[in-house]
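**Student:** sequence isn't available, so here's the structure alone:
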Ligand SMILES: C[S@@+](CC[C@H](N)C(=O)[O-])C[C@H]1O[C@@H](n2cnc3c(N)ncnc32)[C@H](O)[C@@H]1O
């Protein structure tokens, strides 16, 4: 074999390293969070390896292994002054998003990580096999949350952070100057309801969810001092009717859980609940229409395939737009976010006539 061919094969095979050790890459980030490395470097960096080992109370060998991992991944950096946080970690601290990112890492660690090992079996069977890690007999993750002490609180704390990170595109959506009353279907702990009510002073929101989620929602609403503008409504979102009196129905991180048929049913229920001219908004992460990415959606689909429900998927924009049209909505548009996650909003209107 010619030397150039050999070199090129080695270079190509080298592309496997972050994939082959993907689980290990996550654990470097996870350990850096859990052991307090990034917090320490943010507060006191740059620091030598010896000082880090003392301050984190880690054996020197452990500290060296961790610092090699985080530095090779760009999570930390070293120069003549010592170790400091690398660009993604420093950016999270700089933007005030470090607590949000830590929650997201904890979500991956305590909720998504073990079930991800059931990915191939989930694909083979077409079922969310990873749900076996959470006790219960129901088929969706949400109805199993209350079966493990502390899990519901953990889930909503982390879900709150996912939404806080990604909801600027929702909060700034052009539907809001017009909308007066929003029905937030499966609104969880009211994280989006609170963000919307804060940004749009005349807006009222009803958060509809399971009773377990609404306990968390009432805490969020109370802490925000918005009980006069955000109500809660306990109901099964598949029961077939939504409360009337809203001119906007929001599905936030909701249509990623269910099958195309179920999503169509939910959108038809929303259509019936809306007055002519009323808006529907679908907010979540989307996959590209050309099926090439983005990487975030491609990898997050491991969580969606293994855990929430049998058909959970980060769908393509065009799939979601098709459901809205099929349910009767017109003026169907997409609004992509500008953050590092592929979140966006697909919106439509119930026709006036
Ligand atoms: C992924 S969370 C999204 C929460 C919130 N919308 C957000 O974006 O942060 C999905 C929510 O849908 C709720 N949900 C799932 N199935 C439901 C059902 N059949 N009836 C009512 N709520 C449901 C769950 O309880 C959970 O709060």
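**Tutor:** Cool, got the structure. Everything numeric in this text was worked out from a predicted model, so none of it was measured. Residues are numbered from 1 along each chain as shown.
**Student:** can you give me the buried ones in the longest helix belonging to the chain?
**Tutor:** Criterion DSSP state H: the longest helix present in the chain is helix 151-166. For helix 151-166, the neighbour count (16 or more other C-beta atoms under 10 Å) marks 151-152, 154-156, 158-166 as buried. For glycine as for every other residue, the C-beta is placed from the backbone atoms N, C-alpha and C.
**Student:** and that helix, is it in reach of the ligand?
**Tutor:** Yes: legend: contact between helix 151-166 and the ligand by C-beta under 6 Å from any ligand atom is shown at 159, 163.
**Student:** up against the ligand, what does the stretch 151-300 of the chain have?
**Tutor:** 159, 163, 186-188, 191-192, 209-210, 213, 236-238, 252-254.
**Student:** I'd guessed residue 141 sits against residue 309; true?
**Tutor:** Yes: between residue 141 and residue 309 there is a contact at 7.1 Å, judged by C-beta atoms under 8 Å.
**Student:** just the closest of the buried residues of helix 151-166 to the ligand, please.
**Tutor:** residue 163 (3.7 Å; C-beta to the nearest ligand atom).
**Student:** just give the nearest non-adjacent residue to the closest one, would you?
**Tutor:** Of all residues not flanking residue 163 in the chain, residue 191 sits nearest, at 4.4 Å (C-beta to C-beta, 6 or more residues apart in numbering).
**Student:** for that neighbour, give me its contacts.
**Tutor:** Residues in contact with residue 191 (C-beta atoms under 8 Å, 6 or more residues apart in numbering) are 159, 160, 163, 164, 167, 220.
**Student:** pLDDT score for residue 280?
**Tutor:** Confidence at residue 280, expressed as pLDDT, is 98.
**Student:** hmm, who's touching stretch 130-150?
**Tutor:** Contacts of stretch 130-150 (C-beta under 8 Å, 6+ apart): 114-119, 122, 128, 151-152, 155, 210, 212-213, 257, 306-310.
**Student:** over to stretch 160-180?
**Tutor:** Here stretch 160-180 makes contact (C-beta under 8 Å, 6+ apart) with 97, 99-101, 103-104, 107, 188-189, 191-192, 195-196, 199-200, 202-204, 220, 247-248, 250, 252-253, 279, 281, 283, 285, 335-339, 341, 343-345, 347.
**Student:** and that stretch, end to end?
**Tutor:** Start and end residues of stretch 160-180 are separated by 24 Å (C-alpha to C-alpha, to the nearest Å).
**Student:** now do that stretch, average pLDDT.
**Tutor:** Across stretch 160-180, the average pLDDT comes to 96.
**Student:** tally of neighbours for the residue in the stretch 1-150 of the chain positioned nearest to the ligand?
**Tutor:** The stretch 1-150 of the chain approaches the ligand most closely through residue 142 (3.9 Å), counting by C-beta to the nearest ligand atom. Around residue 142 there are 18 other residues, counting by other C-beta atoms under 10 Å.
**Student:** ok, now which ones touch residue 32?
**Tutor:** For residue 32, the contacting residues are 38, 66, 70, 75, 76, 89, by C-beta under 8 Å, 6+ apart.
**Student:** quick check on it: phi, psi?
**Tutor:** Backbone torsions for residue 32, taken as degrees, to the nearest 10, come to phi -60, psi -40.
**Student:** and it, what's its pLDDT?
**Tutor:** 98.
**Student:** which residues in the stretch 151-300 of the chain form helices?
**Tutor:** Assigned by DSSP state H, counting those that start in this stretch, the stretch 151-300 of the chain shows helices spanning 151-166, 168-171, 191-199, 211-224, 260-273, 295-306.
**Student:** in which helix or strand would I find residue 84?
**Tutor:** Element membership for residue 84, per DSSP states H and E: strand 82-85.
**Student:** residues contacting residue 260?
**Tutor:** Counted by C-beta under 8 Å, 6+ apart, residue 260 has contacts 311, 315, 319, 323.
**Student:** would you map the strands across the stretch 1-150 of the chain?
**Tutor:** Counting by DSSP state E, counting those that start in this stretch, one finds strands in the stretch 1-150 of the chain at the ranges 76-79, 82-85.
**Student:** give me the average confidence score over the first one.
**Tutor:** For strand 76-79, the mean per-residue pLDDT is 98.
**Student:** can you list the strands that it pairs with?
**Tutor:** Strand 76-79 sits in its sheet next to strand 82-85 (antiparallel), going by DSSP bridges.
**Student:** and residue 95, what's its pLDDT?
**Tutor:** pLDDT at residue 95 comes out at 96.
**Student:** shift numbering so it begins at 31
**Tutor:** In the new count, where the first residue is 31, that last one comes out as residue 125.
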